[in-house]
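Undergrad: fold the following, please.
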Amino acid sequence: MRIAVVAFSACGAALGTQLKALTGHEITYYVTKRHSGEPFYKPFDSVRELTAELFNKTEAFVFVGACGIAVRAIAPFIKSKLTDPAVVVCDETGRFTISLLSGHAGGANKLAEQIAAVIGSVPVITTASDSHALLGNTPLHKNLVLGIGCRRGISAETIERAVTILLWDQKIPLVRVAEVATIDVKADEEGMLKFTKAFGLPLSFYSAEELAEVQGDFSSSERVLQAVGVDNVCERAAVLCGGRGKLILKKTAKDGVTVAVCEKESARG
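TA: Numbering: from 1, shown residues only. Next up, the predicted model:
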């Protein structure tokens, strides 16, 4: 696939350079003239003029910047999903990779997933056929409990990113989560409180004694035991809050956040 990577800052150019790790593609890099010193990049004045020049010559655009910039750049040239190039947008922090145009037919969905795997971002796919395929065509019942453990003082943004990525890896959509559970020593954890509030999720707290009484095959950590008085928080909290339902995702960790998922017993019944 012939790909044009278009960046608007030094930060965006640095992220775009990581795409050299993509295999099987012919990639050309472009950056605004005020950052023309970036290695591997060709300078341009106007993103609209650049898009006009390349729209019928390249198979894909990867804009490293805001979605709004990409939308305004491509809008005058869009004709058909069968002929338009794939368009993918990455935010400059590498948090999300969005399939914006020609997702299925043009290959933007597949490209977004490939890019996400390279830069460690969350791929955002919205076309019905591909998103339902990722979910296995399972109805989106809100019947899951998310158990969370985290490092003291961690931010809501870090929790959100870790949860989103860890659930995505297991093809578990966040919209299926009905509530969140953790240990009571996290009752004043600002990041946890902000995260659950932002997603409108009830947050339940349990004491170390309550968690220790939960029966099951759980991961065990001596460090966690010494810190909070029980050997595992996320798995035990998820199962306890879920009415001792089925643990469908055991303890996984990212950036100081541990996550487990329990399917509520009543939902399985």
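Undergrad: ok so A4 is a strand residue?
TA: Yes: per DSSP: H, G, I helix; E, B strand; the rest coil, A4 lies within a strand segment.
Undergrad: and K142, what pLDDT?
TA: For K142, the pLDDT comes out at 86.
Undergrad: residue contacts, it?
TA: Counting by C-beta atoms under 8 Å, 6 or more residues apart in numbering, K142 makes contact with V175, R176, V177, A178. Yep, even glycine has a C-beta here, placed from its N, CA and C like the rest.
Undergrad: is it true that L101 touches A75?
TA: No: if you go by C-beta atoms under 8 Å, L101 and A75 don't touch, sitting 10.0 Å apart.
Undergrad: more neighbours: those two, which one.
TA: L101 (21 against 11; other C-beta atoms under 10 Å).
Undergrad: give the contact list for that one.
TA: By C-beta under 8 Å, 6+ apart, the residues touching L101 are I74, I78, K81, D84, P85, A86, V87, A108.
Undergrad: quick check: which element contains the first one?
TA: In other words, I74. In this assignment (DSSP states H and E), I74 forms part of helix 67-74.
Undergrad: buried residues of that helix, list them for me.
TA: I69, A70, A73, I74 (16 or more other C-beta atoms under 10 Å).
Undergrad: which residues in the stretch 101-250 of the chain form strands?
TA: Applying DSSP state E, counting those that start in this stretch to the stretch 101-250 of the chain gives strands spanning 122-124, 144-150, 177-183, 203-206, 246-254.
Undergrad: just to revisit the earlier point, any idea which of the contacts of L101 is closest to L201?
TA: Relative to L201, the closest of those is A108; by C-beta to C-beta it sits at 30.8 Å.
Undergrad: same list, the contacts of K142, but as a markdown table with neighbour count, distance to T58 and pLDDT please.
TA: Formatted as a markdown table, the contacts of K142 follow (neighbours: other C-beta atoms under 10 Å; distance: C-beta to C-beta, whole Å; pLDDT from 0 to 100):
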| residue | neighbour count | distance to T58 | pLDDT |
| --- | --- | --- | --- |
| V175 | 12 | 35 | 79 |
| R176 | 19 | 38 | 87 |
| V177 | 19 | 39 | 92 |
| A178 | 17 | 44 | 94 |
